[in-house]
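In: Fold the following for me, if possible:
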Amino acid sequence: MIIIHTSQCRPGMKLGRSIYTEQGHVLAGRGFVLTEHAIRRLQQLGMPYLHIEEEGTEDIAPDQAIRDETTIVLHGALTHVMDELLGGDKETLSPNVVRFVCDATKILVDDLKSRRNAPSLPVHLTTTLTDGDKQHFLEHAMNVGVCATRLGLEEGLATEDLHALAIGAMLHDVGRLLLPSGLKARVTLNDQAYMKHAELGYKLLRDSGFPLMAAHCALFHHERLDGSGYPFGLEGKKIHPHHQWISIFDMFDTMVNGRGNGAPMLPHEALEVLYGGAGSLYDMDKVRRLRDNMALFPRGTTVRLSTGELGVVSALHEDSKQRPIVRVIRSSEGELLSKPYEVDLKRQLHLMISGFGNEQPEAKETSERLEPRSNKIFHVV
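Out: Numbers count the residues shown, from 1 in each chain. Below you'll find the predicted structure:
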């Protein structure tokens with residue numbers, strides 16, 4: 001099975017994983033044969049990636065960040081948060097929604113505890129939303145939430161603190177829902193109105209009864225080590241390490257998935273940007289740790305090699321996660337190979353991954369204060 005961008009799907013391909021509507025009904029089941037109309041419709045619904053059954057990849061099982069059941073619960077909790085806050089002027093969330101979020105993050109923690117030695121991948125949603133901005137918010141919230149919770153587990157946080165971190169990481173951007181234009185706001189650099197979302201999110205989480213630690217995640221996730229962040233311009237050790245981590249996860253997910261009109265970056269390009277800010281914006285040791293523990297190209301991801309050939313990541317090296325083993329399945333002309341073969345990028349250094357699927361993305365500078373767009377594709381181990 002492979003994970004491929006919806007725009008690169010072709011009629012005749014079979015789904016390897018079911019797709020659900022916002023109400024939880026099956027839109028297209030596993031084994032569904034895609035048509036041109038179905039592909040176009042899924043693109044319109046904002047479905048970025050699909051799991052596809054591809055000849056020659058039957059033995060490759062894409063790893064999942066969390067169980068489907070956990071994804072559904074988190075999806076429900078975040079949807080309730082959005083529905084309450086986007087539905088009118090509210091200063092707090094209802095007690096029922098607060099309990100829902102707390103219970104959902106406990107399920108997330110338990111799920112990640114059960115797979116602590118397995119790769120932890122950001123979430124590929126299998127649910128289509130008619131509102132693309134909501135879908136992007138959901139995916140970003142889940143990805144940052146999964147990464148931060150995984151980190152908390154590795155650092156041995158006490159259960160109460162771990163749950164608070166999970167809530168804060170997942171709802172770090174909740175203040176955006178309280179802006180006048182909500183999720184549809186398109187911001188520019190130094191947009192003072194947009195910057196208020198950090199304080200708005202903090203007040204909402206605090207006044208709704210969430211742990212103060214969770215509220216602080218919303219308040220401080222845009223602070224930077226050199227004092228150039230907001231809302232307070234804190235410097236260095238005045239910024240809690242957990243808030244520094246959330247800012248890094250937030251920025252990395254932003255860059256690899258694009259924001260506003262900017263094109264998504266390849267993961268190694270985004271990592272280079274983080275390195276460019278290491279020592280000033282971000283802690284150098286944290287960026288290095290991210291590099292050493294990040295598999296930039298998840299197993300099952302379709303990639304374009306520098307030769308022009310199309311392949312799928314079939315295995316990862318523990319000591320060289322950025323250079324995986326790739327099974328080549330199509331020629332540079334797009335023809336399906338009768339005998340797929342594997343190349344080990346760790347040993348064949350003259351080969352590189354130049355893009356995802358049939359895409360040839362160009363690196364573009366991405367501002368950390370632009371809005372998100374969905375294309376989840378990296379993972380942390």
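
In: I'd like to know the phi and psi angles of the one residue sitting closest to the centre of the chain, please.
Out: Nearest to the mean C-alpha position of the chain, by CA atoms, centre = their mean, lies N143 at 3.8 Å. Note on N143: its backbone torsions stand at phi -60, psi -50 [degrees, to the nearest 10].

In: name the element Q348 belongs to?
Out: Per DSSP states H and E, Q348 falls between elements, in no helix or strand.

In: And the one 3 residues further on, by the same measure?
Out: L351 is located outside every helix and strand, with elements delineated by DSSP H and E.

In: Show the contacting residues for it.
Out: By CB atoms under 8 Å, 6 or more residues apart in numbering, the contact list for L351 reads 305-307, 343, 345. Every C-beta, even on glycine, is put in place using the N, C-alpha and C of the backbone.

In: any idea how far it is from F220?
Out: Counting by CB to CB, to the nearest Å, the gap from L351 to F220 is 42 Å.

In: How many neighbouring residues does S280 have?
Out: Neighbour count of S280, defined by other CB atoms under 10 Å: 12.

In: Isn't it up against G227?
Out: No - S280 lies out of contact with G227 (CB atoms under 8 Å); the separation is 9.8 Å.

In: contacting residues around the closest residue to K134 other than its chain neighbours?
Out: With sequence-adjacent residues excluded and distances taken as CB to CB, 6 or more residues apart in numbering, K134 is closest to M82, at 5.9 Å. By CB under 8 Å, 6+ apart, the residues touching M82 are 134, 137, 177.

In: Nearest to L162 among those residues?
Out: F137 (23.4 Å; CB to CB).

In: For the closest one, which residues are in contact?
Out: Taking CB under 8 Å, 6+ apart as the test, what F137 contacts is 78, 82, 173, 176-177, 183, 372.

In: residue ranges with poor pLDDT in the stretch 51-200 of the chain?
Out: For the stretch 51-200 of the chain, applying pLDDT under 70 flags the ranges 116-131, 185-190.

In: how about the helices of it, start to end?
Out: For the stretch 51-200 of the chain, applying DSSP state H, counting those that start in this stretch gives helices covering 68-86, 95-114, 132-154, 159-170, 192-195, 197-207.

In: Surely F100 touches D83?
Out: No - contact criterion CB under 8 Å: F100 and D83 do not qualify, at 11.4 Å.

In: These two: which is more packed in?
Out: Between F100 and D83, counted using other CB under 10 Å, the more crowded position is F100 (19 against 12).

In: quick one: the closest residue to that one other than its chain neighbours from R176, how far?
Out: Distance criterion CB to CB, 6+ apart; nearest residue to F100, sequence neighbours excluded, is A77 at 4.8 Å. According to CB to CB, A77 and R176 sit 17 Å apart.

In: Can you add distance to A166 and give the contacts of M82 back as JSON lines?
Out: Below are those laid out as JSON lines (distance: CB to CB, whole Å):
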{"residue": "K134", "distance to A166": "21"}
{"residue": "F137", "distance to A166": "17"}
{"residue": "L177", "distance to A166": "19"}
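
In: from those residues, which single one is nearest T301?
Out: The closest of the contacts of M82 to T301 turns out to be F137 (CB to CB; 23.3 Å).

In: List the buried residues for the longest strand along the chain?
Out: Identified as the longest strand of the chain according to DSSP state E is strand 320-330. Across strand 320-330, burial judged by 16 or more other CB atoms under 10 Å covers 321-330.

In: same deal with stretch 170-179?
Out: 170-179.

In: okay if I get those as TSV plus distance to I39?
Out: Output for the buried residues of stretch 170-179, formatted as TSV (distance: CB to CB, whole Å):
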residue	distance to I39
M170	31
L171	34
H172	34
D173	30
V174	33
G175	36
R176	31
L177	31
L178	36
L179	34
